[in-house]
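> Here is a sequence together with a model predicted from it:
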Amino acid sequence: MKRFRGFRPSRLSLQPGRSLRWLAQLLLKIFGWQVEGTVPTEPKWIAIGAYHTSNWDFAVMLLATFSKQLRIYWIGKHSLFRFPFKTMMRWLGGIPIRRDKTYNAVQQVVDEIERHEKLVLVVAPEGTRKATDHWKTGFYYIALNAKIPIGMSYINYERKVLGFGPMLYPTGDIDADFAVLREFYERMSVGRFPEKQGTVQIKAPKAE
């Protein structure tokens, strides 16, 4: 597998300052949202964004992270980082990856993480806003290979809360680790459209 060297997001990215923090806190209050839990202090970790059922999830997440002055990054297809959107995408924390079969997408992200002293990567494991019977496992193997924890962040539209939950340190036993994730998210998270929530389990193997 080839490796694709993307841009280094720390050179150009959105760093929430005091003014942005104050504005985010004000908007959260106006719309009746709260942020609960403690922001992890680990320098590098993956933040799960679940359940992801609406485009509004991204707006709420941004306000919540801005209110905590937390700089976040996300993964995007490399073609999104071309002129004239390249600078804006990098400013917003984008990490470009190639998804061609000749490139190892997980290793590309691991390489980016290893180049930085601090990096919080937000991932929506469902990979879609539609109902799905499994979560994608890329985030898990990124954390496992980069030797960083997974933060169980969640959104709850019933309570209008975005929260920072406990950390999961991948053991390599994906079934056991997903059981921990499943118990937590079924208890703590409610999407805007609950009927579209993805089942917290790995994809079942195809029948031969």
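Structure received. Residues are numbered from 1 along each chain as shown.
> Can you give me the buried ones in the longest helix belonging to the chain?
Longest helix of the chain, by residue count under DSSP state H: helix 174-188. By neighbour count with 16 or more other Cβ atoms under 10 Å, helix 174-188 contains the buried residues Asp177, Phe178, Leu181, Phe184, Tyr185, Met188. For glycine as for every other residue, the C-beta is placed from the backbone atoms N, C-alpha and C.
> so Gln34 makes contact with Val161?
Yes. The pair Gln34 and Val161 passes the contact test of Cβ atoms under 8 Å, sitting 5.2 Å apart.
> who has more neighbours, the two?
Val161 (19 against 14; other Cβ atoms under 10 Å).
> element containing Ile75, please.
For Ile75, the host element (DSSP states H and E) is strand 74-77.
> which residues are in contact with that strand?
89, 92-99, 109, 121-123 (Cβ atoms under 8 Å, 6 or more residues apart in numbering).
> So which bits of that strand are buried?
Those would be Trp74, Ile75, Gly76, for strand 74-77 by 16+ other Cβ under 10 Å.
> Pipe these into JSON lines and attach distance to Leu62 per row.
As requested, the buried residues of strand 74-77 are arranged in JSON lines below (distance: Cβ to Cβ, whole Å):
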{"residue": "Trp74", "distance to Leu62": "11"}
{"residue": "Ile75", "distance to Leu62": "16"}
{"residue": "Gly76", "distance to Leu62": "15"}
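> would you turn those residues into TSV with pLDDT and distance to Ala204?
Shown next, in TSV, are these (pLDDT from 0 to 100; distance: Cβ to Cβ, whole Å):
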residue	pLDDT	distance to Ala204
Trp74	87	28
Ile75	85	25
Gly76	81	28
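> wait, which of the residues you listed is closest to Leu27?
Trp74 (20.5 Å; Cβ to Cβ).
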